[in-house]
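Colleague: Sequence first, then the predicted structure, then my questions.
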Number of protein chains: 2
Amino acid sequence: MTPDYRAGCAYIDGEFLPIAEARISILDMGFSRSDCTYDVVAVWEGGFFRLADHLNRFERSCSCLQLHPPYAREAITEVLFECVRRSGLRDAYVEMIATRGVPAAGERDIRRISNRFYAYAIPYVWISRPDQQARGLHMVVARDVERISTRAVDPTVKNFHWGDLVRGLFEAYDREADTAVLVDANGYVTEGPGFNLFACYRGQLITPSDGVLQGITRQTVLELAAEEGVPARVGRVEPGLLAQASEIFVTSTAGGVMPVTLLDGAPVGDGQPGPLTARLRARYWDAHRAGRWVTPVNYAGR
Amino acid sequence: MTPDYRAGCAYIDGEFLPIAEARISILDMGFSRSDCTYDVVAVWEGGFFRLADHLNRFERSCSCLQLHPPYAREAITEVLFECVRRSGLRDAYVEMIATRGVPAAGERDIRRISNRFYAYAIPYVWISRPDQQARGLHMVVARDVERISTRAVDPTVKNFHWGDLVRGLFEAYDREADTAVLVDANGYVTEGPGFNLFACYRGQLITPSDGVLQGITRQTVLELAAEEGVPARVGRVEPGLLAQASEIFVTSTAGGVMPVTLLDGAPVGDGQPGPLTARLRARYWDAHRAGRWVTPVNYAGR
């Protein structure tokens, strides 16, 4: 009997498995030391979006952490396509992960561990619910927690060190919001759980330069803004600027461009998703339909 | 056929398994967000060491992270004993883990996820090799990375956010040392991968007060030092103090008391494991043989 991959298909230790059966060793240091990196690429209407950019970033992340996954780029690409193909999903969230691996008994030298590679495709993930996106996200600037310093963990190397972001989420819940953005030790705005942030201030878009993932959705928005003739820049963002912004939105591979309409309990602009956000959001999804950034999946076979 | 638990026994989703078969879902946020906590307790010569203290800390850690594992203290205790019993190990490293769990499809609210509990017993782990312990560890004070701030991730809640510690290890390797201790953003010494640190300076022991796990081996050493009439205190430690220390040692449930004899390439004291380190180490292991801190395992059955 063919396994049922419709809820998602994973690739673990050389085998394709239904997502519900996809498990990793409890001794993998990717878990027990969060010693791993990952990347997430979207499949939308049957095509990967900016796959080469995600693979480039994943390779850089592995290199920064001295991780050497057992597959080269071509093999990784083939695994990702095969996960999507087996799942049959037209809109998918596709994750690739490289971990330090499982040390042999008694081994303490992390250079002498065989690194592992995992991947899976599951139905497309939205970091916020449809109703939250429609009304706009309610966000707080976290007060009780700061973002992990770049001198401790490099945020440009995509990682699972979410302890600070999870604390931010709980603070958001306590303050009756949906999510939180974190500031760094110097008081500058960074990012939130799973997203980069943009503000429109005096007719210009700005997104934080430091202490953030160089998000590919963020990059896409910067490129689309340039094409639309919307001035946009990367720079330091103080919470005070957010409080005066006419629009705020967040960006993520898991959801695209999502408006923020309430910040620390006060309306952003007129409290409705703004026109610039709507325009970039439409352009973002248009760009998924075909063209330069899309690599179609051949669902019928190789 | 009875499964072979000799290499270790794990408890996953209600089932006891040989450690080689112990796997967790790739979608468990304990992995994908490092949203989890854990504790490690040693079994030595057939008895748990300071089990109540480890369980107390684990319960506090879960509470701090708003994790609610599906078992109460008595059930967790029974699982730990059963893992050890099935493995037959007289000297074991016993880990208990609580994770956020696997979200239902589309669920983004981390309050609405069933938390999970895992545990395992494997042969006792030493964070350094026997030859390294005999000659004393070679340590560096990391220069290229700083410890994650306590304002981002609370180090008193035992966690898998080891990105900074792993960077420290690679720096140690580059500088031909075994391990590294990290400083915080203010330049104070904190801890290293898996250990607290003590220095003997002007006849007095000191261990860092802030930015560290409140280690139970650290606590044991403080208590044994008091009994031995050795002055010891908890305070801020600058790297300059370490450079002038007559002895340095590290403490861990995975190895006890381990001397450091080379710091940043220079000998600590006379470059040999020191007499105070040896005395406390002997007292530490004596305390495992019986008495107030030991809970014997009944290997024959319940």
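Modeller: Structure's in. What do you need?
Colleague: make it CA atoms for all contacts and neighbour counts henceforth
Modeller: Fine.
Colleague: The lowest-mean-pLDDT helix or strand in chain A - contacts with which helices or strands?
Modeller: None of the helices or strands of chain A scores lower by mean pLDDT, DSSP states H and E than helix A:130-135, at a mean of 92. Counting contacts by 3 or more Cα pairs under 8 Å, 6 or more residues apart in numbering or on different chains; DSSP states H and E, helix A:130-135 packs against strand A:256-263.
Colleague: returning to that earlier point: quick check: neighbours of the helix or strand just after the least confident helix or strand of chain A in the sheet, parallel or antiparallel?
Modeller: Sequence order places strand A:137-141 as the next helix or strand after helix A:130-135, per DSSP states H and E. Its sheet considered, strand A:137-141 pairs with strand A:179-181 (parallel), strand A:256-263 (parallel) by DSSP bridges.
Colleague: could you redo those strands as TSV and give each row mean neighbour count and mean pLDDT?
Modeller: Shown next, in TSV, are the strands paired with strand A:137-141 (neighbours: other Cα atoms under 10 Å in any protein chain shown; pLDDT from 0 to 100):
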stretch	mean neighbour count	mean pLDDT
strand A:179-181	27	98
strand A:256-263	26	98
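Colleague: Need those in a markdown table (columns: distance to residue B:224).
Modeller: Converted to a markdown table, the strands paired with strand A:137-141 look like this (distance: least, Cα to Cα, whole Å):
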| stretch | distance to residue B:224 |
| --- | --- |
| strand A:179-181 | 45 |
| strand A:256-263 | 53 |
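Colleague: ok so, going back, and the least confident helix or strand of chain A, what's buried?
Modeller: Using 16 or more other Cα atoms under 10 Å in any protein chain shown as the test for burial, helix A:130-135 gives A:132, A:133.
Colleague: For it, list the C-alpha coordinates in PDB.
Modeller: Coordinates of each C-alpha in helix A:130-135 appear next as PDB, following Å, rounded to 0.1, in the frame of the first residue of the first chain:
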ATOM      1  CA  PRO A 130      -6.900  34.600   8.200                       C
ATOM      2  CA  ASP A 131      -9.100  36.700  10.500                       C
ATOM      3  CA  GLN A 132      -6.000  38.300  12.100                       C
ATOM      4  CA  GLN A 133      -4.700  39.100   8.600                       C
ATOM      5  CA  ALA A 134      -8.000  40.600   7.600                       C
ATOM      6  CA  ARG A 135      -8.300  43.000  10.500                       C
END
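Colleague: Tell me which residues are up against it.
Modeller: Helix A:130-135 has contacts (Cα atoms under 8 Å, 6 or more residues apart in numbering or on different chains) with A:138, A:258, A:259, A:261, A:272, A:273.
Colleague: Could you pull up the contacting residues of the first one?
Modeller: The contact partners of residue A:138, taken as Cα under 8 Å, 6+ apart, are A:132, A:177, A:178, A:179, A:260, A:261, A:262, A:263, A:264, A:265.
Colleague: what do you get for the second one?
Modeller: The contact partners of residue A:258, by Cα under 8 Å, 6+ apart, come to A:133, A:136, A:137, A:249, A:250, A:251, A:277, A:281.
Colleague: Which two of the residues you listed have the greatest separation?
Modeller: Farthest apart among the contacts of residue A:258 by Cα to Cα are A:137 and A:281. That separation is 14.5 Å.
Colleague: more neighbours, the two?
Modeller: Legend: neighbour count by other Cα atoms under 10 Å in any protein chain shown for residue A:137 and residue A:281, higher for residue A:137 (25 against 20).
Colleague: I'd like to know how far the residue nearest to that one when sequence neighbours are not counted sits from residue B:98.
Modeller: Of all residues not flanking residue A:137 in the chain, residue A:260 sits nearest, at 4.3 Å (Cα to Cα, 6 or more residues apart in numbering or on different chains). Residue A:260 sits 33 Å away from residue B:98, going by Cα to Cα, to the nearest Å.
Colleague: Would you map the strands across the stretch 201-302 of chain A?
Modeller: All strands of the stretch 201-302 of chain A, identified by DSSP state E, counting those that start in this stretch, fall at A:204-208, A:232-235, A:247-252, A:256-263, A:266-267, A:294-296.
Colleague: So for residue A:161, which of those strands sits nearest?
Modeller: Closest approach to residue A:161 among the strands of the stretch 201-302 of chain A is made by strand A:247-252 (17.2 Å; Cα to Cα).
Colleague: what's the offset of the closest one from the middle of its chain?
Modeller: Its chain's C-alpha centre and that of strand A:247-252 lie 13 Å apart, by Cα atoms, centre = their mean, to the nearest Å.
Colleague: Run through who's touching that strand.
Modeller: The contact list for strand A:247-252 (Cα under 8 Å, 6+ apart) reads A:127, A:194-201, A:215-218, A:242, A:257-261, A:268-269, A:273-274, A:276-277.
Colleague: what do you get for stretch A:8-26?
Modeller: With contact meaning Cα under 8 Å, 6+ apart, stretch A:8-26 is reached by A:3-7, A:32, A:79, A:83-84, A:86-87, A:89, A:102, A:116-123, B:20-26.
Colleague: Could you list the domains of chain A?
Modeller: As assigned by automatic domain parsing, chain A contains the domains A:9-123, A:130-286.
Colleague: Which strand or helix spans residue A:27?
Modeller: Here residue A:27 is covered by no helix or strand, with elements defined by DSSP H and E.
Colleague: From chain B, how far off is it?
Modeller: Going from residue A:27 to chain B by Cα to the nearest Cα, to the nearest Å gives 8 Å.
Colleague: I'd like the distance between that residue and residue B:51.
Modeller: Residue A:27 is 22 Å from residue B:51, by Cα to Cα.
Colleague: got it, and residue A:264?
Modeller: Look at residue A:264 and residue B:51: by Cα to Cα, they are 44 Å apart.
Colleague: Pull the CA coordinates from stretch A:84-94 and hand them back as PDB.
Modeller: Taking Å, rounded to 0.1, in the frame of the first residue of the first chain, the C-alpha atoms of stretch A:84-94 are listed here in PDB:
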ATOM      1  CA  VAL A  84       6.300  18.100  -2.600                       C
ATOM      2  CA  ARG A  85       5.600  15.700  -5.400                       C
ATOM      3  CA  ARG A  86       4.700  12.900  -3.000                       C
ATOM      4  CA  SER A  87       2.500  15.100  -0.900                       C
ATOM      5  CA  GLY A  88       0.700  16.400  -4.000                       C
ATOM      6  CA  LEU A  89       0.400  19.800  -2.200                       C
ATOM      7  CA  ARG A  90       0.000  22.800  -4.500                       C
ATOM      8  CA  ASP A  91       0.600  25.300  -1.700                       C
ATOM      9  CA  ALA A  92       3.300  24.000   0.700                       C
ATOM     10  CA  TYR A  93       5.700  25.000   3.400                       C
ATOM     11  CA  VAL A  94       8.900  23.200   2.600                       C
END
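Colleague: how about it: buried residues?
Modeller: Across stretch A:84-94, burial judged by 16+ other Cα under 10 Å covers A:84, A:85, A:86, A:87, A:88, A:89, A:90, A:91, A:92, A:93, A:94.
Colleague: Could you tell me which of the residues you listed belong to strands?
Modeller: Using DSSP state E, the members of these that fall in strands are A:92, A:93, A:94.
Colleague: pLDDT for those - can I get that in CSV?
Modeller: Below are those laid out as CSV (pLDDT from 0 to 100):
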residue, pLDDT
A:92, 98
A:93, 98
A:94, 98
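Colleague: Intersect those with the contacts of chain B.
Modeller: Among these, no residue sits close to chain B (Cα under 8 Å from any Cα of the partner chain).
Colleague: which ones are touching the residue nearest to residue A:232 when sequence neighbours are not counted?
Modeller: Leaving aside its sequence neighbours, residue A:232 sits nearest to residue A:205 (Cα to Cα, 6+ apart; 4.3 Å). Each residue near residue A:205 by Cα under 8 Å, 6+ apart is listed here: A:198, A:199, A:230, A:231, A:232, A:233.
Colleague: let's see it at 10 Å
Modeller: A:198-199, A:221-222, A:225, A:230-234, A:245, A:247-248, A:276 (Cα atoms under 10 Å, 6 or more residues apart in numbering or on different chains).
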